[in-house]
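Engineer: Okay, structure incoming, though there's no sequence with it:
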């Protein structure tokens, strides 16, 4: 269960306050893999970071009775001057999992070769996403926050990522941000639509997609 209690977040843009999350109160159900839909710039990444606790709201709070991953693909997860392996070792200690097992898993899964022993500041955005995906899914969370990362890499890596995602969804849930509606239909069994700072919950994925596409057409 993830619960929003009067959650509000805004930014100042050119001297004007832009509210991206507007006094949001809602309970997201347990055991659902949710698509988070919305136009570009509407605040989906902001909401994901608020859920993860990597960003502070202006007011209100997010409450959960389970463990939540950091946003997969969020580059702020890593220290740029440490190597990929050193970052994974640090994460393992923070989350109390076996260090050697997590390093071995991520090294094999992310397939970064010699770059795994190089500073993260030398990584491309795609390499960082592969590292974060491996780190996140190498740890058992109740809810995974996933932002477009199943589209990272070549076709073989995408297949591997999607297979791992589907395997984890047998015992966990997720909030998935993607612009690929085929992925929404494949991976999600409900959806939430973010529009004008407010969320709408849809039990039926196709109904959510139709509502989202309507906002796209009206843009």
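Structural biologist: On my side now, so go ahead. Since this is a predicted model, take the numbers as computed values, not measurements.
Engineer: So residue 142 is in contact with residue 68, correct?
Structural biologist: Yes: using C-beta atoms under 8 Å, residue 142 is in contact with residue 68, at 7.0 Å. Bear in mind the C-beta positions are built from the backbone N, C-alpha and C, glycine included.
Engineer: List phi and psi for the nearest residue to residue 2 once chain neighbours are set aside.
Structural biologist: Using C-beta to C-beta, 6 or more residues apart in numbering and skipping the chain neighbours, the partner closest in space to residue 2 is residue 28 (4.4 Å). Phi and psi for residue 28, reported as degrees, to the nearest 10, are phi -90, psi 130.
Engineer: Residue 124 versus residue 28, what's the distance?
Structural biologist: Distance of residue 28 to residue 124, given as C-beta to C-beta, to the nearest Å: 33 Å.
Engineer: Among these two, which residue is more densely surrounded?
Structural biologist: More crowded of residue 28 and residue 124, by other C-beta atoms under 10 Å: residue 28, with 20 against 9.
Engineer: Please tell me how far that one sits from residue 210.
Structural biologist: Between residue 28 and residue 210 the computed distance is 21 Å (C-beta to C-beta).
Engineer: Could I get the pLDDT score of residue 154?
Structural biologist: Listed pLDDT for residue 154 reads 73.
Engineer: Ok, residue 146 next?
Structural biologist: Reported pLDDT at residue 146 in the predicted model: 88.
Engineer: Enumerate every residue touching it.
Structural biologist: 71-73, 165, 174-177 (C-beta atoms under 8 Å, 6 or more residues apart in numbering).
Engineer: what would those residues look like in a markdown table with neighbour count and pLDDT?
Structural biologist: Below are these laid out as a markdown table (neighbours: other C-beta atoms under 10 Å; pLDDT from 0 to 100):
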| residue | neighbour count | pLDDT |
| --- | --- | --- |
| 71 | 26 | 82 |
| 72 | 28 | 76 |
| 73 | 26 | 60 |
| 165 | 23 | 86 |
| 174 | 22 | 93 |
| 175 | 27 | 95 |
| 176 | 28 | 93 |
| 177 | 23 | 92 |
